[in-house]
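[1] quick one: sequence plus predicted model below, questions after.
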Amino acid sequence: FVEREAEWEAHCLVDLLHEMKHSNVPGDLFLDLLGAFVSMRQDVERALGECECENGDMEMLSHTLATLTEQLGPSVLRNTSQTIRTLANILVSNDTETLTMALGVLSGVLSGSMEGTAEDEALLQDLVPRLQELTRSEDTAITDMALSLETNISMRSFVGSQGG
């Protein structure tokens with residue numbers, strides 16, 4: 001049995017993906033890993049933390065997602081519509097870590113680093129009701145992030161409707 005080093009493995013994968021940063025591969029993998037991470041967290045929650053076998057995999061996924069975000073930044077997310085749809089599915093979670101990660105990615109989307117279309121703006125508007133729910137969260141970090149993102153989306157909509 002060889003003990004895995006999640007951080008080292010994550011850095012190796014990110015180094016490889018860094019070479020492909022001008023393609024959609026890193027973003028597609030990021031979104032797939034994010035979905036897998038959320039699914040694992042939900043499975044562990046359902047098992048009430050009894051599922052020891054997945055802890056190593058969750059740690060690896062967590063390190064990989066964090067390292068991808070740190071090393072490649074928002075440029076990892078090149079397909080705006082796909083990213084927003086993935087985040088919409090993740091934002092239904094009630095897990096604090098998962099929500100924080102998803103809200104952080106959404107913040108990156110709204111930072112202006114991604115090209116958006118009218119469809120993307122409509123997808124963002126669809127997130128507003130869930131963000132409004134999250135502003136009533138007991139976790140102040142989630143409340144603050146959700147409020148900021150909801151305001152940002154509303155302002156984008158207002159500016160867009162004003163023609164500029």
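    Arrived safely, thanks for sending.
[2] from here on, just use CA atoms for contacts and neighbour counts.
    OK.
[3] which helix or strand in the chain has the lowest average pLDDT?
    helix 55-72 (a mean of 76; mean pLDDT, DSSP states H and E).
[4] so which residue is dead centre in the protein?
    Taking C-alpha atoms, centre = their mean, the centroid of the chain lies closest to residue 102, which sits 3.4 Å from it.
[5] please tell me I have it right and it contacts residue 91.
    Yes. Judged on C-alpha atoms under 8 Å, residue 102 makes contact with residue 91 at a distance of 6.6 Å.
[6] returning to what we had before: what's the very next helix or strand once past the least confident helix or strand of the chain packed up against?
    Going down the chain from helix 55-72, the next helix or strand is helix 80-90, by DSSP states H and E. With contacts defined as 3 or more C-alpha pairs under 8 Å, 6 or more residues apart in numbering; DSSP states H and E, helix 80-90 has these neighbours: helix 25-46, helix 96-108, helix 118-134.
[7] and the helix or strand hosting residue 8, which residues are buried?
    Using DSSP H and E, residue 8 falls within helix 6-18. Neighbour counts over helix 6-18 (16 or more other C-alpha atoms under 10 Å) mark 6-7, 10-11, 14-15, 17-18 as buried.
[8] just give me the least confident of these.
    Within the buried residues of helix 6-18, pLDDT reaches its minimum at residue 6, with 72.
[9] who's in contact with that residue?
    56, 59-60, 63-64 (C-alpha atoms under 8 Å, 6 or more residues apart in numbering).
[10] returning to that earlier point: so for residue 141, which of the helices and strands packed on helix 80-90 sits nearest?
    Counting by C-alpha to C-alpha, residue 141 lies closest to helix 96-108 out of the helices and strands packed on helix 80-90; the figure is 7.9 Å.
[11] what's the angle from the helix holding residue 8 to helix 25-46?
    Calculated by axes from the mean of the first three to the mean of the last three C-alpha atoms, to 10 degrees, helix 6-18 forms an angle of 150 degrees with helix 25-46.
[12] now find how far off-centre helix 6-18 is within its chain.
    The gap between where helix 6-18 is centred and where its chain is centred comes out at 18 Å by C-alpha atoms, centre = their mean, to the nearest Å.
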